[in-house]
Structures are given as C-alpha cells and as structure tokens.
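> pasting the sequence and the predicted model now:
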Amino acid sequence: MRVLTADHPLIQHKLTYLRDKRTDSPTFRRLAEELMTLLAYEATREVRIEPFEIDTPVARTTGIKLSNPKPLVVPILRAGLGMLEGMVRMLPSAEVGFLGMQRNEVTLEATTYANRLPDDLTNRQVFVLDPMLATGGSMVDAIRFLVERGAKDITAVTLLAAPEGIAFMQEQLADVAPPITLVTGSIDERLNEHGYIVPGLGDAGDRLYGVV
Ligand SMILES: O=P(O)(O)OC[C@H]1O[C@H](OP(=O)(O)OP(=O)(O)O)[C@H](O)[C@@H]1O
Ligand SMILES: O=c1cc[nH]c(=O)[nH]1
Ligand SMILES: [Mg+2]
C-alpha cells in the first residue's frame with residue numbers, strides 16, 4: 001500500500017481547528033470540506049486523463065480532460081459525507097456511490113448497513129472518503145466490498161489516520177493488486193483503549209451531525 005501524508009501548512013492549520021473541541025458543528029463541517037478540497041489535489045494526482053484538442057483565441061493546442069468512465073467517489077456514511085462536497089467541487093463530473101458503515105463502539109467491529117454502488121467497478125477509478133482511519137476495520141471492509149465488485153484502482157482519503165489502522169490495512173490488503181493508495185492529512189500517535197485516535201478529533205460523525 002502506498003501511504004501519502006499531505007504535509008502542507010494550510011492542511012495542518014485547518015486540522016488544528018478541526019481537532020479543537022471548542023470548534024462548533026457548522027465550522028467543523030466547513031473545515032472538513034475545505035480539507036478534502038486540499039487533499040483532493042494530492043489524491044487525484046493520478047486521475048485518468050486523455051488529450052483533447054482546443055483552439056485558444058491565438059492557436060490550436062492540446063489540453064487534457066478526464067477520461068471516461070468518470071471517477072467514482074464513495075463516501076462512507078455518516079462521517080465521509082462531510083468530505084463529499086469538498087471532493088466533488090474538484091471533480092464535478094465524478095459519480096457518487098454510497099456505503100453506510102457503523103463501528104460497534106464496544107467490539108470495534110464494523111457492519112455495513114447500506115450500499116448504493118454500481119455493480120461493476122472493473123474499469124472505475126474509485127476514491128473512498130472517510131475522515132477517520134482508526135483500527136482500519138471499516139476501511140478494510142469498504143475496500144474489500146469494492147474489490148469484490150472488480151475495482152482495481154482505489155484511493156482511500158482520510159483526514160486522520162492511526163498507525164494501527166495503516167498497519168491493519170497493509171496486512172489485510174497485501175494481496176490486492178494493484179496496491180491501494182492511502183492519502184491522509186495526518187498520521188496521529190496511536191489509538192486509545194476505546195479505539196479513538198490520539199490526539200485525533202473525537203467522533204467525527206457526531207461532531208459533523210450530532211449524537212444520534
Ligand atoms: O477504523 P475504524 O476503527 O473502523 O473506525 C473508523 C470508523 O468509525 C467512524 O464511523 P462510525 O462508526 O462512528 O460511524 P458514523 O460515521 O456514522 O459516526 C469513522 O467515520 C470510520 O468510519
Ligand atoms: O477517533 C475516532 C475513531 C473512530 N471514529 C471516530 O469518529 N473517531
Ligand atoms: Mg461516529
């Protein structure tokens with residue numbers, strides 16, 4: 001697995017405010033969106049493109065456009081929804097699929113409660129969005145789900161990642177070819193005894209949408 005940390009001062013600046021427990025929900029939502037827009041720059045570095053002839057007012061030239069089929073963006077509900085607008089702002093022609101996953105806060109096992117995805121992902125470039133990679137259970141299940149549908153080009157984008165979650169992805173997805181790319185805003189210190197990222201930002205879903 002390729003791991004890219006988007007180590008840019010603007011990203012670290014916005015992450016600091018996102019982490020701050022005094023940051024209210026509306027601000028948290030705005031920051032999550034803005035962070036995704038900044039991470040999109042790194043995550044889409046290898047987005048599929050093709051040459052395309054245009055005329056400027058001065059001359060004919062060759063530019064590029066996104067290839068078909070267009071990328072598929074898959075936010076993991078709920079918290080991944082907070083990154084969706086930031087991503088589709090950068091990739092307006094992308095299609096969007098959904099995966100609903102919830103981690104049991106005692107066993108830390110993830111279950112999938114909803115999905116709306118194309119059946120065949122063989123030729124799709126897929127971007128999976130979830131702000132938090134903690135134990136990695138949710139992301140590994142999500143990626144397995146996509147691989148079962150034929151996906152071979154998968155980039156996971158997270159705002160924060162725990163070293164334990166990265167190690168779990170590396171171990172569990174070692175057989176996925178070609179390898180997965182993980183783009184993250186920060187690799188934090190560790191997980192605590194409740195499976196929360198330290199220092200982290202708390203429960204991303206709750207901070208975005210409230211405790212339900
Ligand atoms: O790496 P893991 O240990 O699997 O934990 C990370 C998962 O936990 C959070 O979702 P949660 O289950 O809280 O659902 P929510 O987004 O609806 O709040 C987060 O958004 C990830 O999906
Ligand atoms: O720190 C964590 C871990 C899992 N899910 C979250 O929202 N935050
Ligand atoms: Mg949550």
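Noted; the coordinates are in hand. Residues are numbered from 1 along each chain as shown. Ligands and ions are numbered 1, 2, ... in the order given.
> drop to CA atoms for contacts and neighbour counts, all remaining ones
Fine.
> touching ligand 2 at all, the longest strand along the chain?
Ranked by residue count under DSSP state E, the longest strand found in the chain is strand 153-161. No. With Cα under 6 Å from any ligand atom as the criterion, ligand 2 is not reached by strand 153-161; the gap is at least 8.6 Å.
> flag every residue of the chain that's near ligand 1.
77-79, 102-103, 108, 110, 130-138, 204-206.
> now, those residues that are in strands?
Per DSSP E, those map to strands at 77, 102-103, 110, 132-133.
> and of these, the nearest to His13?
Minimum distance to His13 across these is 17.7 Å, recorded for Met132 (Cα to Cα).
> isn't that closest one right up against Ala156?
No. Contact criterion Cα atoms under 8 Å: Met132 and Ala156 do not qualify, at 10.8 Å.
> the more surrounded of those two?
Each of Met132 and Ala156 has its neighbours counted (other Cα atoms under 10 Å); Met132 has more, 27 against 24.
> got the contact list for Pro131?
The contact partners of Pro131, by Cα atoms under 8 Å, 6 or more residues apart in numbering, come to 79-80, 83, 157-160, 204.
> which pair of those spans the longest distance?
Applying Cα to Cα across the contacts of Pro131, the maximum distance is between Val157 and Ala204, 14.5 Å.
> more neighbours: which of those two?
Set Val157 next to Ala204 and count neighbours by other Cα under 10 Å: Val157 wins out with 28 against 22.
> so that one makes contact with Phe127?
Yes. Contact criterion Cα under 8 Å: Val157 and Phe127 qualify, at 7.0 Å.
> do you have the helices of this structure handy? List them.
Taking DSSP state H as the criterion, the chain carries its helices at 9-19, 25-43, 81-90, 137-148, 163-172, 204-209.
> closest to Val47 among the contacts of Pro131?
Nearest member of the contacts of Pro131 to Val47, counting by Cα to Cα, is Val157, at 13.8 Å.
> ok, which residues in this protein are in contact with ligand 2?
Close to ligand 2, as judged by Cα under 6 Å from any ligand atom, the chain has residues 132, 134, 195-197, 200, 202-205.
> for PyMOL, write a command that selects the buried ones of those.
Restricted to buried positions by 16 or more other Cα atoms under 10 Å, the PyMOL selection for the residues of the chain next to ligand 2 reads:
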select buried, resi 132+134+195+196+197+200+202+204+205
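> got CSV for the residues of the chain next to ligand 2, with pLDDT too?
Below are the residues of the chain next to ligand 2 laid out as CSV (pLDDT from 0 to 100):
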residue, pLDDT
Met132, 98
Ala134, 98
Gly195, 97
Tyr196, 98
Ile197, 98
Gly200, 98
Gly202, 98
Asp203, 98
Ala204, 98
Gly205, 98
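> burial count for Glu105?
11.
> tell me the pLDDT of the residue of the chain most remote from its centre.
In the chain, Val58 marks the outermost C-alpha relative to the chain mean, sitting 40.2 Å out by Cα atoms, centre = their mean. At Val58, the predicted lDDT confidence score is 98.
> can you tell me what sits against stretch 17-28?
Counting by Cα under 8 Å, 6+ apart, 31-32, 200-202, 207-210 sit against stretch 17-28.
> and that stretch, what's buried?
In stretch 17-28, counting by 16+ other Cα under 10 Å, buried: 17-18, 28.
> could you do stretch 136-154 as well?
Those would be 136-144, 146-147, 151-154, for stretch 136-154 by 16+ other Cα under 10 Å.
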